[in-house]
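> Sequence isn't available, so here's the structure alone:
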Ligand SMILES: Nc1ncnc2c1ncn2[C@@H]1O[C@H](COP(=O)(O)OP(=O)(O)O)[C@@H](O)[C@H]1O
Ligand SMILES: [Mg+2]
């Protein structure tokens with residue numbers, strides 16, 4: 001199944017993400033797919049709001065992972081853009097955040113394609129397609145269902 005949602009502003013995308021965060025079961029691993037500027041970090045901001053996280057969500061481009069524990073569930077926000085391989089991610093100790101038997105909140109990953117193989121089979125793939133400056137199509141697809 002694929003759920004398609006069209007948004008018409010940054011606020012609109014945050015609102016979709018906020019509602020999704022409140023509706024999902026946990027733990028959950030989410031892969032955010034989309035070009036630079038598509039809205040992956042914006043989506044994560046809305047998602048954090050849905051978990052009642054009050055912190056300012058910033059892109060973890062340089063830190064690779066930002067951790068937020070002040071909400072109703074922990075949120076681990078990854079940006080794998082600067083990583084070259086799965087091995088590099090595992091050396092940094094990120095494996096546990098993608099193990100559904102150990103994770104207790106949400107791991108959200110931008111550029112998971114750079115660390116191919118790190119995602120558990122069961123995850124949510126969210127693709128953000130840029131239609132024009134203000135419009136996006138958001139596709140939500142559960143992966144790994146039997
Ligand atoms: N409908 C929309 N949804 C999300 N972002 C939007 C939308 N319309 C315009 N934008 C803008 O697109 C940019 C998305 O940036 P960002 O979330 O950092 O993207 P990414 O993390 O995918 O590189 C922001 O400047 C945001 O204001
Ligand atoms: Mg980003």
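Yep, that arrived. Since this is a predicted model, take the numbers as computed values, not measurements. Ligands and ions are numbered 1, 2, ... in the order given.

> Would you mind naming what in the protein lies close to ligand 2?
Selection of the chain residues close to ligand 2 by Cβ under 5 Å from the ion yields 40, 41, 59. In this view, the C-beta of every residue, glycine as well, is placed from N, C-alpha and C.

> Ligand 1 versus the first one, what's the distance?
Noted for residue 40: a distance of 3 Å to ligand 1, by Cβ to the nearest ligand atom, to the nearest Å.

> Contacts only, for the residue nearest the centre of the chain.
By Cα atoms, centre = their mean, the mean C-alpha position of the chain lies nearest to residue 108, the distance being 2.8 Å. Residue 108 makes contact with 30, 32, 44, 47, 75, 76, 77, 78, according to Cβ atoms under 8 Å, 6 or more residues apart in numbering.

> mind checking how far the one helix or strand it maps to is from the chain centre?
Assessed by DSSP states H and E, residue 108 sits inside strand 106-110. With Cα atoms, centre = their mean, to the nearest Å as the basis, strand 106-110 stands 3 Å off its chain's centre.

> if you look at stretch 13-24, does any of it touch ligand 1?
Yes. Using Cβ under 6 Å from any ligand atom, stretch 13-24 reaches ligand 1 at residue 13.

> Give me the contacts around that stretch.
If you take Cβ under 8 Å, 6+ apart as the criterion, stretch 13-24 is touched by 5, 7, 39, 42-51, 106, 124, 128, 136, 138, 140.
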